[in-house]
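Colleague: Need the 3D shape of this:
(one chain, ligands or ions: 1)
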Amino acid sequence: MLTFPAYNSSPASDPCSYNFERCKLCGAETAHPTYLLKKTTVYACPVCDFHYINYLDDLPPVVPDEILQPIDHKSRNYIEACLPANELQHRINLQLVKCQTPLSGKQCLDIGAGAGLFAHLLAETGAVVQGIEPQVIFRAFAREKFGIELRGETVDARCWQQSFRAFFDLVTLWDVFEHVNFPAELLQQAANLIKPGGLLVLDTPRRDALYYRISEWSYRLSRGANPLFLETLYSPLPFRHKQIFTLSQLLQLVERSGFSVLAINSSVLRMHNKMVLVCRKEEQRPESAG
Ligand SMILES: [Zn+2]
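Modeller: Next up is the predicted model:
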């Protein structure tokens with residue numbers, strides 16, 4: 001099992017000035033460029049073995065919901081076309097959650113709610129649902145398609161951290177950890193909003209899976225000429241993949257953030273494998289500030 005050094009939860013988080021030699025997971029300042037890809041560079045931390053790219057999103061200012069514009073026809077059709085594939089996965093995810101807890105009447109928050117599909121499925125079970133989605137176009141779609149009002153303020157915002165502390169029975173993070181600037185901080189901020197005994201459920205790609213290992217071997221053997229999946233696993237475009245965890249790193253992170261792991265669904269052998277974690281917030285733990 002890896003051991004993280006003393007964790008510093010307040011990085012210099014300005015996307016324009018972040019020093020990528022500072023590991024985004026453990027804070028050690030000895031990370032170095034390891035995979036030089038066409039559009040981005042993957043840094044690796046020699047202390048905790050975390051991998052992340054040298055790009056951070058510059059988050060747009062939040063557009064108040066009352067001035068959300070109606071979604072244009074082309075965008076609506078594109079999002080609509082993506083829904084069926086997502087719906088199958090989200091229904092599987094919903095079953096996973098329902099195995100752990102009945103949802104009727106429960107306070108739920110879907111962070112990174114996208115077009116609002118999972119929030120909609122949760123609401124159908126009788127849960128009381130809120131969602132966070134920073135991209136305006138998805139919020140407009142969720143409002144029009146599902147009648148769901150997603151919030152644009154990210155989970156670090158005062159409106160969440162002050163008004164919803166220890167409020168939710170369930171927080172979900174589907175496909176979020178690999179996309180955000182600082183996943184460890186995000187997890188702590190999400191933990192602050194969960195009741196003691198409440199659930200956190202998340203999924204994210206797995207770095208110690210076969211497809212990633214094969215890509216690393218290919219990169220080394222070809223001296224960088226053939227990185228295979230590494231080119232598509234990471235992207236310097238806004239809201240795309242910035243980091244990928246190993247199962248061990250993710251388990252350490254959630255346990256360090258005050259959760260016990262109830263269930264893991266993952267296999268290193270599946271291609272493009274994801275790991276799904278179901279975690280329970282410990283009953284007795286002082287919450288962190290921020
Ligand atoms: Zn590190």
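
Colleague: And the average pLDDT for stretch 277-287 is what?
Modeller: Average pLDDT, stretch 277-287: 82.

Colleague: For it, output the C-alpha coordinates as CSV.
Modeller: Extracted C-alpha coordinates of stretch 277-287, given in CSV (Å, rounded to 0.1, in the frame of the first residue of the first chain):
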residue,chain,number,x,y,z
LEU,A,277,-16.6,2.8,-5.3
VAL,A,278,-19.4,2.9,-2.8
CYS,A,279,-18.3,4.6,0.4
ARG,A,280,-19.8,5.5,3.7
LYS,A,281,-18.9,8.6,5.7
GLU,A,282,-17.6,7.7,9.1
GLU,A,283,-19.9,8.7,12.0
GLN,A,284,-17.3,10.4,14.2
ARG,A,285,-14.9,12.6,12.3
PRO,A,286,-14.2,16.3,12.6
GLU,A,287,-15.0,18.1,9.3
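
Colleague: can you give me the offset of it from its chain's centre?
Modeller: Chain-centre distance of stretch 277-287: 18 Å, with Cα atoms, centre = their mean, to the nearest Å.

Colleague: how about the helix or strand containing Ile214: buried residues?
Modeller: In this structure, Ile214 sits in helix 210-221 according to DSSP states H and E. For helix 210-221, the neighbour count (16 or more other Cβ atoms under 10 Å) marks Tyr211, Tyr212, Ser215, Glu216, Ser218, Tyr219 as buried. Bear in mind the C-beta positions are built from the backbone N, C-alpha and C, glycine included.

Colleague: Flag every residue of this protein that's near the ion.
Modeller: Cys23, Leu25, Cys26, Ala28, Cys45, Val47, Cys48, Phe50 (Cβ under 5 Å from the ion).

Colleague: Dump those residues into CSV; add neighbour count and pLDDT as well.
Modeller: Output for those, formatted as CSV (neighbours: other Cβ atoms under 10 Å; pLDDT from 0 to 100):
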residue, neighbour count, pLDDT
Cys23, 26, 97
Leu25, 24, 95
Cys26, 24, 95
Ala28, 18, 96
Cys45, 22, 98
Val47, 17, 97
Cys48, 21, 96
Phe50, 26, 97
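
Colleague: Thr101: neighbouring residues, count only.
Modeller: When neighbours are defined as other Cβ atoms under 10 Å, Thr101 has 16 of them.

Colleague: Isn't it up against Leu170?
Modeller: Yes. Using Cβ atoms under 8 Å, Thr101 is in contact with Leu170, at 7.0 Å.

Colleague: Going by distance to Leu187, which of the buried residues of helix 210-221 wins?
Modeller: Tyr212 (21.4 Å; Cβ to Cβ).

Colleague: so what's the closest one scoring on pLDDT?
Modeller: For Tyr212, the predicted pLDDT is 90.

Colleague: counting contacts, what elements does the lowest-mean-pLDDT helix or strand in the chain pack onto?
Modeller: Using mean pLDDT, DSSP states H and E, helix 73-100 stands out as the lowest-scoring helix or strand of the chain, at a mean of 88. In terms of contacts (3 or more Cβ pairs under 8 Å, 6 or more residues apart in numbering; DSSP states H and E), helix 73-100 is packed against helix 117-124, helix 136-146, strand 168-174, strand 194-205, strand 259-265, strand 274-281.

Colleague: residues of the first one that come out buried?
Modeller: Of the residues in helix 117-124, those buried under the neighbour-count criterion (16+ other Cβ under 10 Å) are Leu117, Phe118, Ala119, His120, Leu121, Leu122, Ala123.

Colleague: Also the longest one?
Modeller: Going by neighbour count (16+ other Cβ under 10 Å), the buried part of strand 194-205 is Ile194, Lys195, Gly198, Leu199, Leu200, Val201, Leu202, Asp203, Thr204, Pro205.

Colleague: Identify the farthest-apart pair in those.
Modeller: Using Cβ to Cβ, these span at most 28.7 Å, a distance reached by Lys195 and Pro205.

Colleague: what's near enough to touch whichever residue of the stretch 151-290 of the chain sits closest to the ion?
Modeller: Proximity of the stretch 151-290 of the chain to the ion (Cβ to the ion) peaks at Gln249, 9.0 Å away. If you count contacts by Cβ atoms under 8 Å, 6 or more residues apart in numbering, Gln249 has them with Leu2, Leu25, Cys48, Asp49, Phe50, Arg207.

Colleague: what about the nearest residue to Glu178 once chain neighbours are set aside, neighbour count?
Modeller: In space, and not counting its chain neighbours, Glu178 is closest to His241: 4.6 Å by Cβ to Cβ, 6 or more residues apart in numbering. Using other Cβ under 10 Å, His241 has 20 neighbouring residues.
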